[in-house]
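Participant: here is the input, now give the coordinates:
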Amino acid sequence: MNTKSKKPIHATSSNKEPMRSADRHTTWRGQRLGAWLRPVGIVLVNVLAPPTWAEGLEFVYPSNPFPWFVVEILGVLLLLAIAGILYLLRYVLGDNQIKIGPDLKRTLEKSYVEKQREEFKKKSEALNERIRAVRNQLSTLFSKVKNLSTTLDPEELFKNINDMLVQEVGASKFILFLYDRGKQELYPCRWRGFPDTIQRTLVIPLSQPHFLTFAFTRRRPVYRLAATEDLETRPLVDLAPLPGTLLALPIHTPSESLGVVHFETFQDERQEIDEADLRFLTSLGSFMGMALSNANILLQTRDELTSTRQLTERQLQEKKRLKEVFSRYTSAELVETIMKNPGSIHMGGTTKTATILFSDIAGFTKFSSKLTPEQVVHAINEYLSRMTEIVLDNNGEIDKFIGDAVMARFGVLADLPMPGLSAVRAALAMLEEVRHLQARWAQEGREGFRIRIGIATGPVLAGNIGSERRSEFTVMGTTVNLASRLESLNKELNSSLLVDETTYEQISNEVRAVPRENVSIRGLEGAMRVYEVQGYREESGSTGRGKIIRMKDKVWQGKTARPAVAPLPAEPPVEGDPELPKERLPGRGE
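Facilitator: Now for the predicted structure:
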């Protein structure tokens, strides 16, 4: 017997005996069915195959395709059986569902609709109740805001603000800070939930980083939880002296900030403020600012606002009138001083020893003839603005502008120990400033001018002078006339700055002056001695010069330093410059 393995015989064209047609048909059908069922068989074989770690096993395709056909048939039958079982389960479970009768179905649907209707009704009632509460709150709020805007009594105004913060806002711990302009700091004016010692110990300078100073300067509220997400306000969280600030609410008008409210806790212990509440509080801060401004609260001093004795409405109106009168004449610092001691000013008239300064433009006709009216107005306004700053920087007061002339007084509203010295310092600074204006105008191709100044010291009558319809606080007397005449005398003596003998006594150690003997002054009897001031003494030190230099730095901030005041050159006569009519100045009668 031949023991060699026989190779399978394949049906190919090379066989000697041709395959019969029936056999070929059977073989073709088997191959076609096998092509469809073979993938299923491969899957089953792979699932039922031994583990892959059995390395000794080797799968060999049998030579006869019939076993594969059987496996594929079995796989298809298995899938059909699983599908049938799932269908039967669905059918059985579907038949076991509970069927509801039509009556019960209608009853259930009706109950569901009634339940939904009841819930909708409850929600509508709650919403209507909320709307009524908001309306009542807004009605009360508008009523209190109206009281704020119509109340001028300080004590009643602060009481209304306190009630509004407690009842409408719901604040249980807060401090109302006001702004001290003189000291540039915030101080507590009214508070709740804090000890009374904060009135003396709690002060926040504007330069100190804090939620309150940030809200005050920016005029916008600062909310603690929102501030932690802002790069600009995040460093301000938990800073002393009030680390527990929950909300900083500024009190302001469209033009200025008046104060700020520090909120620390609310009555319901809430820590979150929504967008609607924040908009409401922002509007409330504006209302409080307008109310405080209308009541002229800041006309009172800090001591008056924090003391138990408040000014009456009439006293506030008097302070307001004083501020309106004197803010036109003098610096803001002097106005604040007057407001702190209004009794020092006698509007009805008083006699004081003061210094009067008159300055006028020389050559104004020639100057204005080469310019358009708009250019003349612009140049004069620029000149008068500079002169005003110089007068105010030297503790002076602008009495009035008379065309292009300036009348200033020293020592009338403020008690100055040496008003003549302040006036001469201002005059030297004015002359120097005009020289700088001339240099700049020459570079621009514009015509320049010079000024003449006269100064006199002596008794003057100061008071509110005028008619019932129009009056102004001014001065009159012989000293006023003398200062006006000295200003005009500069033209005859070819000088720029003349002072009387009383003024010279106050400045003799600081300036260089040339006496002019036996000078006749029109309107005054006899001859007198006057002095032509030519500049500061070299040995006078930095007392006078320092004042001028500091003033120049303020006026010309950011510009290069200028040389010290040089001796004043004699002013040549200006052709075509007629003397100004003397009747236009007050108190210049013969």
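Participant: what's the longest strand in this protein?
Facilitator: Using DSSP state E to assign secondary structure, the strand with the most residues in the chain is strand 450-466.
Participant: what about residue 382, neighbour count?
Facilitator: Counted with other C-beta atoms under 10 Å, the neighbours of residue 382 add up to 13. In this view, the C-beta of every residue, glycine as well, is placed from N, C-alpha and C.
Participant: if I look at the residue nearest to it when sequence neighbours are not counted, how far off is residue 154?
Facilitator: The shortest distance from residue 382 to any residue that is not its chain neighbour, by C-beta to C-beta, 6 or more residues apart in numbering, is 7.5 Å, and that residue is residue 437. Spatial separation of residue 437 from residue 154 under the definition C-beta to C-beta, to the nearest Å is 47 Å.
Participant: pick out whichever of these two has more residues nearby.
Facilitator: Set side by side, residue 437 and residue 154 give different neighbour counts by other C-beta under 10 Å, the larger being at residue 154 (22 against 18).
Participant: these two touch, right, that one and residue 291?
Facilitator: No: checked against C-beta atoms under 8 Å, the pair residue 154 and residue 291 is beyond contact range at 10.8 Å.
Participant: identify the contacts common to those two.
Facilitator: Overlap between the contact sets of residue 154 and residue 291, as judged by C-beta atoms under 8 Å, 6 or more residues apart in numbering, is nil.
Participant: packing partners for the helix or strand that contains residue 71?
Facilitator: With elements taken from DSSP states H and E, the one containing residue 71 is helix 66-95. For helix 66-95, the helices and strands in contact under the criterion 3 or more C-beta pairs under 8 Å, 6 or more residues apart in numbering; DSSP states H and E are helix 21-48.
Participant: pLDDT weak spots in the stretch 51-200 of the chain?
Facilitator: Low-confidence segments of the stretch 51-200 of the chain (pLDDT under 70): 51-64, 92-100, 134, 137-152.
Participant: what ranges do the strands span in it?
Facilitator: Residue ranges of the strands in the stretch 51-200 of the chain, as given by DSSP state E, counting those that start in this stretch, are 171-180, 185-192.
Participant: sheet partners, orientation included, of the first one?
Facilitator: Just to be clear, that refers to strand 171-180. strand 185-192 (antiparallel), strand 257-266 (antiparallel) (DSSP bridges).
Participant: which of those sits closest to residue 77?
Facilitator: Checking these against residue 77 by C-beta to C-beta gives strand 257-266 as the closest, at 77.6 Å.
Participant: Three-state assignment for residue 406, please.
Facilitator: Classification of residue 406 into helix, strand or coil gives strand, according to DSSP: H, G, I helix; E, B strand; the rest coil.
Participant: count of residues packed around residue 279?
Facilitator: As a burial measure, the neighbour count of residue 279 was computed by other C-beta under 10 Å and equals 11.
Participant: surely it is within a helix?
Facilitator: Yes: counting by three-state DSSP, residue 279 falls inside a helix.
Participant: now do stretch 409-429, average pLDDT.
Facilitator: With pLDDT averaged residue by residue, stretch 409-429 scores 91.
Participant: send me it as PDB with only the CA atoms.
Facilitator: Only the C-alpha atoms of stretch 409-429 are listed here, as PDB (Å, rounded to 0.1, in the frame of the first residue of the first chain):
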ATOM      1  CA  ARG A 409      -6.700 143.700  46.100                       C
ATOM      2  CA  PHE A 410      -4.600 142.100  48.800                       C
ATOM      3  CA  GLY A 411      -5.600 141.800  52.500                       C
ATOM      4  CA  VAL A 412      -9.300 142.500  52.200                       C
ATOM      5  CA  LEU A 413     -10.900 139.100  52.500                       C
ATOM      6  CA  ALA A 414      -7.800 137.400  54.000                       C
ATOM      7  CA  ASP A 415      -5.800 139.100  56.800                       C
ATOM      8  CA  LEU A 416      -2.300 139.400  55.400                       C
ATOM      9  CA  PRO A 417       0.500 140.600  57.700                       C
ATOM     10  CA  MET A 418       2.300 142.400  54.700                       C
ATOM     11  CA  PRO A 419      -0.200 142.800  51.900                       C
ATOM     12  CA  GLY A 420       2.100 145.300  50.100                       C
ATOM     13  CA  LEU A 421       4.800 142.600  49.800                       C
ATOM     14  CA  SER A 422       2.300 140.100  48.300                       C
ATOM     15  CA  ALA A 423       1.100 142.700  45.800                       C
ATOM     16  CA  VAL A 424       4.700 143.600  44.600                       C
ATOM     17  CA  ARG A 425       5.600 139.900  44.300                       C
ATOM     18  CA  ALA A 426       2.500 139.400  42.100                       C
ATOM     19  CA  ALA A 427       3.400 142.600  40.100                       C
ATOM     20  CA  LEU A 428       6.900 141.400  39.300                       C
ATOM     21  CA  ALA A 429       5.600 138.000  38.300                       C
END
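Participant: tell me which stretches of the stretch 351-500 of the chain form strands.
Facilitator: Assigned strands in the stretch 351-500 of the chain, in chain order: 396-402, 405-410, 450-466, 471-476, 497-500 (criterion: DSSP E, counting those that start in this stretch).
Participant: any idea how far the closest residue in space to residue 479 that isn't next to it in sequence lies from residue 356?
Facilitator: Among residues not flanking residue 479 along the chain, residue 458 sits closest, at 3.7 Å (C-beta to C-beta, 6+ apart). Here residue 458 is placed at a distance of 8 Å from residue 356 (C-beta to C-beta).
Participant: kindly report the same for residue 443.
Facilitator: Plainly put, residue 443 is 35 Å away from residue 356 if you go by C-beta to C-beta.
Participant: and what of residue 424?
Facilitator: Between residue 424 and residue 356 the distance, using C-beta to C-beta, works out to 12 Å.
Participant: again, but for residue 409
Facilitator: Distance of residue 409 to residue 356, given as C-beta to C-beta: 6 Å.
Participant: cool, residue 438 as well?
Facilitator: 26 Å.
Participant: the two: who's more crowded?
Facilitator: Set side by side, residue 438 and residue 356 show more neighbours around residue 356, with 31 against 15, by other C-beta under 10 Å.
Participant: for the more buried one, which non-adjacent residue is closest in space?
Facilitator: residue 483 (4.1 Å).
Participant: tally of neighbours for that neighbour?
Facilitator: As a burial measure, residue 483 scores 32 neighbours (other C-beta under 10 Å).
Participant: cool, the one 4 residues further on as well?
Facilitator: Residue 487 is surrounded by 26 other residues when neighbours are defined as other C-beta under 10 Å.
Participant: wait, what's in contact with it?
Facilitator: If a contact means C-beta under 8 Å, 6+ apart, then residue 487 has 358-360, 452-454, 498 as its contacts.
Participant: that's a strand at residue 230, yeah?
Facilitator: No: with three-state DSSP as the criterion, residue 230 is located in coil rather than a strand.
Participant: how far away is it from residue 216?
Facilitator: Distance, residue 230 to residue 216, using C-beta to C-beta: 17 Å.
Participant: quick one, which of those two is more surrounded?
Facilitator: Neighbour totals were compared for residue 230 and residue 216, and residue 216 leads with 25 against 12 (other C-beta under 10 Å).
Participant: for the more buried one, which non-adjacent residue is closest in space?
Facilitator: residue 260 (4.6 Å).
Participant: hmm, residue 213 and residue 179 touching each other?
Facilitator: No: using C-beta under 8 Å, residue 179 is not in contact with residue 213; the gap is 10.3 Å.
Participant: residue ranges in this protein under the pLDDT threshold?
Facilitator: Judged against pLDDT under 70, the low-scoring parts of the chain cover residues 1-64, 92-100, 134, 137-152, 296-349, 468-471, 539-590.
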